[in-house]
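Novice: would you be able to build a 3D model of this:
(2 chains)
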Amino acid sequence: MGMTLTEKILARHAGLDRVEPGQIINAKVDLVLANELSAAVAIAVMRSMKGATRVFDPSKIALVEDHFVPAKDAQSAKLARLMKEFAAEQKIEHFFDVGRGGIEHVVLPEEGLVAPGELIVGGDSHTCTYGALGAFATGMGSTDIAAAFVLGEVWLRVPPTIKVVYEGAMQDGVYAKDLMLATVGRLGIDGATYRALEYHGSTIDALSITGRLTMANMAIEAGAKNGIFHADEKALAFVRERTDRPFVVERADADAAYERIVAIDVAALEPQIACPHTPDNVHPISEVLRERVQLDQIFIGSCTNGYIEDLRIAAKILHGKKIAPSLRVIVNPGSQKVWMQAADEGILKTLASAGCVVNTPGCGACFGGHMGTLGDGERCLSTTNRNYVGRMGSPKAEVYLASPATCAASALTGIITDPRVVERAPAYS
Amino acid sequence: METTLRGRAHTYGKNVDTDVIIPGKYCNIVDQAELGKHAMEGIDPEFSTRVKAGDIIVADTNFGCGSSREVAPIAIKGAGVSAVIAKSFARIFYRNAINIGLPILECPEAVDAIAAGDEIEIDPAAGAIRNRTKGTSYKAAEFPPFMRSLIEAGGLIPYVERRLAERA
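Specialist: Take a look at the predicted model:
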């Protein structure tokens, strides 16, 4: 019996010929990631470990200031500084301060720090994003990250793999986010717990790298340990533009054993909405439209949808228009590079002219940190990944999740709106 | 190893996520006791005033889903909770709880039979759960051998220290 893509990568990093689901392995890591929140705890744990004075390899650690930055308050500033000082002390090569990085999961692929076949662990649950480029990547807590900092290894239980196959052309108004929301809705928020998701199908082959990043990002929303794509020519070109370090491209064997195979009929898929208060409470937009959901805030950004491609979609819909007077719309480019690209293309001006506020890159609004926190009774439509009670602020607020196109279309009306209606309208100039 | 744990049950449903265990706005707090004041705030705002040292959280499936924030189990511990019994745990929370020394037990039968306020006694090493209010006993699922060795070694930190000593 052959191995799945995840099993192949894990076996190689454990120095084994083969691994099987359920097996516990010690695997070497290619990169360890932390942000100022997970790093603060990880650094304290590392300092408490006897014999742990240095990180295993200063070139294989990435530290990104992104959750409460620019600092929300003095306590947040303290954590940011703690990580910065640790980076200097340990001579960490990949430290990203405010203004030179952005959201960790947007930054790492952009900077060439992720390559196919690599094994990456991060102190953030959305570390699974890097599966878009054919890497095994998973999120962990701070003590595990401290262990990885000093050992350069992690213990892992080899997950069984669920193969998800997407076939058919996407309808107008349907994007990678819709495919993934449909997937989370199908699997349920614990449907892939302790499992790997391996994405397949002709729809996936046609998808951009950004779309794949969006889909791998939300593997955790089905509880998965990782979500992974095969690196094709598109992925290889993306990576080779950004790094010249060697990497090994793995492929699942033709006779790999999958725990189950889930088929998603893409041609029949409408834009999707995850309604409050779980990411698997997913409905086709036609069902949600009937309820005429009035919105107070729209958020476009995050590690799920903060890429230049996402901002282009929003700008195209909002160009020359004004957002509904009842709304506030917050746009958050995912990284400094995305921000600059959007500036060059006139996207920031288009969005600002429409009445959106364009914030600095960061995670704040998505997790109820700062710069877009919801109040009691408020309702938000968001391109982010989670809509649990209190996720974006007040436990009495409601969060709906959708694609950037659905968010931009809804920005024009103030209620949840089908992007197909807007996209079919004559081009604006 | 821990001795017998005893306390009253606080019961919750499925998919108790890390955003309700410790809302994002508190994630820049590092002090365990301070975090404890906000434990479960998103789902049960009065929890920190009601909970007594030794009390036990009892929940349905997928406890701790969502974020990797290690402050989630730390906040629960900081509130004085001695253990969590659930039908199942989300993956990252499971690792984090073991790493910080918060006893967790998987036992669907016990979860179905325990009501809020029941007095529960746990022997975490043996996986034994006793409902003193109802006079019933349960056995939690055993940890896989590797997890057991990690727990018996005192958690991940001593394990890492041993590995570092072997390399030196």
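Novice: what about stretch B:123-131, start to end distance?
Specialist: 12 Å (Cα to Cα, to the nearest Å).
Novice: what's the answer for stretch A:124-131, then?
Specialist: Stretch A:124-131 has its terminal residues 14 Å apart, counting by Cα to Cα.
Novice: tell me the mean pLDDT over that stretch?
Specialist: Mean per-residue pLDDT for stretch A:124-131: 98.
Novice: hmm, who's touching it?
Specialist: A:33-35, A:38, A:104-105, A:108-109, A:114, A:118, A:120-121, A:137-140, A:197, A:213, A:216-217, A:219-220, A:224-229, A:303-304, A:385, B:66-68, B:92 (Cβ atoms under 8 Å, 6 or more residues apart in numbering or on different chains). The way it works is simple: take the backbone N, C-alpha and C, and place the C-beta from them, glycine included.
Novice: phi, psi for residue B:137 please.
Specialist: Backbone geometry at residue B:137, expressed as degrees, to the nearest 10, gives phi -130, psi 150.
Novice: ok, it touching residue B:127?
Specialist: No - using Cβ atoms under 8 Å, residue B:137 makes no contact with residue B:127, being 11.2 Å away.
Novice: so between the two, which is more surrounded?
Specialist: The neighbour comparison of residue B:137 against residue B:127 (other Cβ atoms under 10 Å in any protein chain shown) goes to residue B:127, with 17 against 12.
Novice: where does pLDDT dip in chain B?
Specialist: Residues of chain B meeting the criterion pLDDT under 70: B:1-2.
Novice: mind listing the strands for it?
Specialist: Taking DSSP state E as the test, the strands found in chain B are B:5-11, B:56-59, B:83-86, B:104-106, B:119-123, B:128-131, B:136-139.
Novice: for the closest residue to residue A:52 other than its chain neighbours, helix, strand, or coil?
Specialist: Residue nearest to residue A:52 in three dimensions, not counting chain neighbours: residue A:150, with 4.4 Å by Cβ to Cβ, 6 or more residues apart in numbering or on different chains. Assigned with DSSP: H, G, I helix; E, B strand; the rest coil, residue A:150 falls in the helix class.
Novice: report the contact partners of residue A:374.
Specialist: Going by Cβ under 8 Å, 6+ apart, residue A:374 touches A:296, A:297, A:368, A:380, A:392, A:393, A:394, A:397, A:399.
Novice: quickly list what it is bridged to.
Specialist: On the basis of DSSP bridges, residue A:374 is bridged to residue A:393.
Novice: output the longest helix belonging to chain A.
Specialist: Of all the segments assigned as helix in chain A under DSSP state H, the longest by residue count is helix A:74-89.
Novice: coming back round to it: which of the strands of chain B sits closest to chain A?
Specialist: Nearest to chain A among these is strand B:83-86; the distance by Cβ to the nearest Cβ comes to 11.4 Å.
Novice: tell me which parts of the stretch 51-200 of chain A are close to chain B?
Specialist: Within the stretch 51-200 of chain A, the positions adjacent to chain B are A:51-52, A:67-68, A:72-73, A:75-76, A:79, A:122-125, A:127, A:139-144, A:146-147, A:150-151, A:155, A:157, A:189-190, A:193-194 by Cβ under 8 Å from any Cβ of the partner chain.
Novice: just the buried ones from those?
Specialist: Applying 16 or more other Cβ atoms under 10 Å in any protein chain shown to these, the neighbour count classes A:52, A:67-68, A:72, A:76, A:79, A:122-125, A:127, A:139-144, A:146-147, A:150-151, A:155, A:157, A:189-190, A:193-194 as buried.
Novice: which residues touch residue A:78?
Specialist: By Cβ under 8 Å, 6+ apart, no residues touch residue A:78.
Novice: from the residues of the stretch 51-200 of chain A next to chain B, which land in strands?
Specialist: Using DSSP E, these in strands are A:122, A:139, A:155, A:157.
Novice: which neighbouring elements make contact with the longest helix anywhere in chain B?
Specialist: Longest helix in chain B, counting residues (DSSP H): helix B:156-167. In terms of contacts (3 or more Cβ pairs under 8 Å, 6 or more residues apart in numbering or on different chains; DSSP states H and E), helix B:156-167 is packed against helix A:142-151, helix B:91-100.
Novice: which residues touch that helix?
Specialist: A:45, A:48-52, A:143-144, A:146-147, A:150-151, B:98-99, B:150, B:153.
Novice: for it, what is the distance to the chain centroid?
Specialist: In terms of Cα atoms, centre = their mean, to the nearest Å, the centre of helix B:156-167 is found 25 Å from the chain centre.
Novice: got the buried residues for it?
Specialist: Neighbour-count burial for helix B:156-167 flags B:156, B:157, B:159, B:160, B:161, B:163, B:164 (criterion: 16+ other Cβ under 10 Å).
Novice: next one: stretch A:19-32
Specialist: Buried residues in stretch A:19-32 (16+ other Cβ under 10 Å): A:19, A:21, A:23, A:24, A:25, A:27, A:28, A:29, A:30, A:31, A:32.
Novice: return the subset of those lying in strands.
Specialist: A:24, A:25, A:27, A:28, A:31, A:32.
Novice: could you check the pLDDT of the nearest residue to the fourth one once chain neighbours are set aside?
Specialist: Among residues not flanking residue A:28 along the chain, residue A:13 sits closest, at 5.0 Å (Cβ to Cβ, 6+ apart). Residue A:13 is assigned a pLDDT of 98 by the prediction.
Novice: could you look up the SS state of residue A:13?
Specialist: With three-state DSSP as the criterion, residue A:13 reads helix.
Novice: ok, it to chain B distance?
Specialist: 16 Å (Cβ to the nearest Cβ, to the nearest Å).
Novice: give the contact list for that residue.
Specialist: Counting by Cβ under 8 Å, 6+ apart, residue A:13 touches A:27, A:28, A:29, A:30, A:119, A:136.
Novice: got it, and residue B:6?
Specialist: B:54, B:82, B:119, B:120, B:121, B:122, B:132.
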